[in-house]
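Trainee: following is a predicted model, sequence given first.
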Amino acid sequence: MPPEADAPAPEAESAIATEPSLRLVITPTLQPTPQVHVAIELTGPAAPDETLRNWSLLGPVVGPFTPRLRDAAGELEAAIEAAGEGVRVTLARAPSLPLMIEYTLAPAPAGAGQVARIALDDTQFFATGEALLLLPDDAVDQRRALSIHVAADALAIATDGDTPTGMPPLRAGTSFAAKAESELQAWPFELRRAVFVGGLLEWAQFDSISGDDRWLGLRPTRFDHRWPAAELAAMRAAVDGRIGMPTLDPMVTILLGTPRSESEPPFAAELRGRGLLILADQNALWDASARLTSTQALAARWLGGRVRVTEPKLDHPGERSLWFDAGVTRYVARELLFELGLLSDDEYGAELNRIEFELATSPLRDRTLDELAAIVATGDPHDPAARIAANDARSVLAARGSIYLAWLDQELRNVQSMWATDDGIEVLRILVATAIAKERREFGVGEFVHIAAFMANNEAPRDASFLAQFEAVVNRGERPKLGAGSFGECFRPRQRKLARFELGFVDSAAPDDARPSFSALDPNGPAAKAGLRADDSLISIDYVYGDPDQQVRLRVAREGGERTIQYRPAGPSQTAVQWERVAGVPSEACVR
């Protein structure tokens, strides 16, 4: 089975076929209007192929879509229909290879909370595979030799000879390779998850015995790209060394500076086409949140990519695995960054407290694993309230997975075992090594728990006890008992009363909207209690996202006049564990 598109696994590149069977030429142009021309050539046996009749482009697609199709027998007719934000193309007959498809696309902005887009301006081009590529529905799992060419010459800045421009040189690349032309073997579904860039790009290269890394950056940011490029190269090597194996092909990271709304985190990172994509708020600094988010995605190459802990016979198995895919990876990111000195003591403590805060104050904290998975799986991504509920469910599952690993780590550190390093991360390393040795990807919860139980006591593993704790923590949401020294000598737990940030409505304005807007007003929330009505029109809005102690100030138009509404965006206070820094313990003693 090939790895799923949402979690590509690192792998050594096999021998490349002499003649690619799928060629892509992607050409962004600016005249007469900004658009992207895509040419697809599929070669192979000449016999008609029924698996190539149905094609789709997931979108978003802006404007008309009029592809030209031609096979060995001549021009091909096709039925084209809208499908969600994209299009579906059905060929009138089974094509005989070679098959040629050509079309143009206009820039397409990303929807709220979405990554898929086509962005094109005078100097830079960025596109995701789902917004750019028409691909065969019934042949996405057929491994092919690919040839990809991103022709970005139209984005070059004209100069008079050797006159310096102060701009980076013209470059192009993909999340497969940081170069304009590349050949590789891949599954077509990987193309849907790929990223394609071109223009005047920031660029960095790091080659070492621990692997090779490439960095491509687009759009202005407040930080020098060389700094995070170096950090990510080091963290990729650290993750590979601690839980995986060396990466043979250069790892490509693409960073896109982009406006982010108040309700979005300043950084988002996800695996794309064997590489890493980072979305960065143009006004944000490269900080602990950026490091944690990016390193978590690197850990997901192995945990969720190469190996998954899942329950396939239950409903929504993918969403049920979020405790592992999102929670365990967050645990790994935090511990490795702290170990390497890339998180300060305060930043490490803040991340511990964020997990504890989520477990204690989330409105979904009492939901079961089944219920949380259903919220994520069935929520309408176009419904703001459902989207927020799904994000809350993901956060709870991630927090449960992270704190369960902390409990496992505590249990292993409290015993003397046959293992040289007996901690939570060693459990994950053994899991990945087992997956590679046995050529498996999916493991059950019981198999995962058994590794930890065996490490704790190889003569009489306590599988039942470890599994019961999993059910309590991950399934039912009970907080495990963590001792005072569970996170080292520098941190001790304290009980505190805390309130969760609750705006009371969905801030639905996009970053570039001229006027604020809102939706999904909670009739029992703080905004409604302060006087906001569903039919009010916002004139201005001022708040600090995530801070329940900073007043929200709204100016609204109502009944021909204006009103000002102020309130504290806080939910009910809850008792939560918070980890405090122990005074007097030197920082060098904090890392376990």
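Mentor: Yep, that arrived.

Trainee: and this protein, what are its domains?
Mentor: 14-187, 308-494+575-589, 503-568 (automatic domain parsing).

Trainee: could I get these as JSON lines with mean neighbour count?
Mentor: Every residue, glycine included, has its C-beta placed from N, CA and C. Output for the domains of the chain, formatted as JSON lines (neighbours: other Cβ atoms under 10 Å):
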{"stretch": "domain 14-187", "mean neighbour count": "17"}
{"stretch": "domain 308-494+575-589", "mean neighbour count": "18"}
{"stretch": "domain 503-568", "mean neighbour count": "15"}
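
Trainee: residue 451 contacts residue 427, correct?
Mentor: Yes: between residue 451 and residue 427 there is a contact under Cβ atoms under 8 Å: 5.4 Å.

Trainee: ok, which of the domains of the chain comes nearest residue 257?
Mentor: domain 14-187 (10.0 Å; Cβ to Cβ).

Trainee: starting at the chain centroid, how far to the closest one?
Mentor: A distance of 23 Å separates the centroid of the chain from that of domain 14-187, by Cα atoms, centre = their mean, to the nearest Å.

Trainee: now the helix or strand harbouring residue 228: buried residues?
Mentor: Residue 228 belongs to helix 226-243 when assigned by DSSP states H and E. Residues of helix 226-243 classed as buried: 228-229, 231-240, 242-243 (neighbour count, 16 or more other Cβ atoms under 10 Å).

Trainee: which helices and strands sit right next to it?
Mentor: strand 202-208, strand 211-218, strand 251-258, helix 288-300, helix 329-339, helix 424-438 (3 or more Cβ pairs under 8 Å, 6 or more residues apart in numbering; DSSP states H and E).

Trainee: the same query, at a cut-off of 7 Å, please.
Mentor: Secondary-structure packing of helix 226-243 (3 or more Cβ pairs under 7 Å, 6 or more residues apart in numbering; DSSP states H and E): strand 202-208, strand 211-218, helix 288-300, helix 329-339, helix 424-438.

Trainee: would you turn these into TSV with mean pLDDT?
Mentor: Shown next, in TSV, are those (pLDDT from 0 to 100):
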stretch	mean pLDDT
strand 202-208	95
strand 211-218	96
helix 288-300	97
helix 329-339	97
helix 424-438	95
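
Trainee: looking at the ones you listed, which is closest to residue 31?
Mentor: Here strand 211-218 is closest among the helices and strands packed on helix 226-243 (Cβ to Cβ), at 21.2 Å.

Trainee: tell me the strands beside the closest one, with direction?
Mentor: Looking at strand 211-218 with DSSP bridges, its partner strands are strand 202-208 (antiparallel), strand 251-258 (parallel).

Trainee: and for the first one, what's in contact with it?
Mentor: Contact partners of strand 202-208, identified using Cβ atoms under 7 Å, 6 or more residues apart in numbering, comprise 168, 171, 213-217, 225-226, 229-230, 233.

Trainee: shaky segments in the stretch 401-550 of the chain?
Mentor: Across the stretch 401-550 of the chain, the ranges flagged by pLDDT under 70 are 416-421.

Trainee: which parts of it are strands?
Mentor: 442-443, 491-501, 506-507, 518-519, 537-542 (DSSP state E, counting those that start in this stretch).

Trainee: in a markdown table: those strands, plus distance to residue 396.
Mentor: Output for these, formatted as a markdown table (distance: least, Cβ to Cβ, whole Å):
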| stretch | distance to residue 396 |
| --- | --- |
| strand 442-443 | 23 |
| strand 491-501 | 12 |
| strand 506-507 | 19 |
| strand 518-519 | 23 |
| strand 537-542 | 27 |
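
Trainee: residue 583 is nearest to which of those?
Mentor: Of the strands of the stretch 401-550 of the chain, the one closest to residue 583 (Cβ to Cβ) turns out to be strand 491-501, at 10.3 Å.

Trainee: distance between the closest one and the chain's centre?
Mentor: Going by Cα atoms, centre = their mean, where strand 491-501 is centred and where its chain is centred differ by 28 Å.

Trainee: now it - C-alpha only, PDB.
Mentor: Provided in PDB are the C-alpha atoms of strand 491-501 (Å, rounded to 0.1, in the frame of the first residue of the first chain):
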ATOM      1  CA  PHE A 491       8.900  22.400  36.900                       C
ATOM      2  CA  ARG A 492       6.300  21.600  39.600                       C
ATOM      3  CA  PRO A 493       2.500  21.400  39.200                       C
ATOM      4  CA  ARG A 494       0.100  23.900  40.800                       C
ATOM      5  CA  GLN A 495      -3.700  24.200  40.800                       C
ATOM      6  CA  ARG A 496      -5.000  27.400  39.300                       C
ATOM      7  CA  LYS A 497      -8.400  28.900  38.300                       C
ATOM      8  CA  LEU A 498      -8.300  29.800  34.600                       C
ATOM      9  CA  ALA A 499     -10.900  31.100  32.100                       C
ATOM     10  CA  ARG A 500     -10.900  30.300  28.400                       C
ATOM     11  CA  PHE A 501     -11.000  32.900  25.700                       C
END
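
Trainee: mind checking the SS state of residue 141?
Mentor: coil (DSSP: H, G, I helix; E, B strand; the rest coil).

Trainee: that one touches residue 190, doesn't it?
Mentor: No: Residue 141 is beyond contact range of residue 190, at 10.3 Å (criterion: Cβ atoms under 7 Å).

Trainee: which residues in the stretch 101-250 of the chain form strands?
Mentor: 118-120, 124-128, 135-136, 144-150, 170-174, 181-186, 195-200, 202-208, 211-218.

Trainee: give the partner strands of the shortest one in its sheet and their orientations.
Mentor: Using DSSP bridges, the strands paired with strand 135-136 in its sheet are strand 54-57 (antiparallel).

Trainee: ok, now which ones touch the closest residue in space to residue 503 that isn't next to it in sequence?
Mentor: Nearest non-adjacent residue to residue 503, counting by Cβ to Cβ, 6 or more residues apart in numbering: residue 569, 5.2 Å away. Residues near residue 569 by Cβ under 7 Å, 6+ apart: 501-504, 526, 543, 548, 552.

Trainee: and the pLDDT at residue 569?
Mentor: Residue 569 carries a pLDDT value of 96.

Trainee: kindly report the same for residue 166.
Mentor: 62.

Trainee: can you verify my assumption that residue 78 contacts residue 68?
Mentor: No: using Cβ under 7 Å, residue 78 makes no contact with residue 68, being 9.9 Å away.

Trainee: which residues are in contact with both of these two?
Mentor: Shared contacts of residue 78 and residue 68, counting by Cβ under 7 Å, 6+ apart, come down to nothing at all.

Trainee: tell me where the model's unsure across the stretch 151-300 of the chain.
Mentor: Using pLDDT under 70, the stretch 151-300 of the chain drops low at 158-167.

Trainee: for the residue nearest the centre of the chain, which three-state class applies?
Mentor: Nearest residue to the geometric centre of the chain (Cα atoms, centre = their mean): residue 270, 2.7 Å. Assigned by three-state DSSP, the conformation of residue 270 is strand.

Trainee: which residues does it contact?
Mentor: Contacts of residue 270 by Cβ under 7 Å, 6+ apart are 115, 277, 297.

Trainee: check residue 516 too.
Mentor: Here residue 516 is in contact with 509, 538, 540-541 (criterion: Cβ under 7 Å, 6+ apart).

Trainee: can you list the residues you listed in a markdown table and add distance to residue 319?
Mentor: Formatted as a markdown table, those follow (distance: Cβ to Cβ, whole Å):
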| residue | distance to residue 319 |
| --- | --- |
| 509 | 29 |
| 538 | 34 |
| 540 | 38 |
| 541 | 33 |
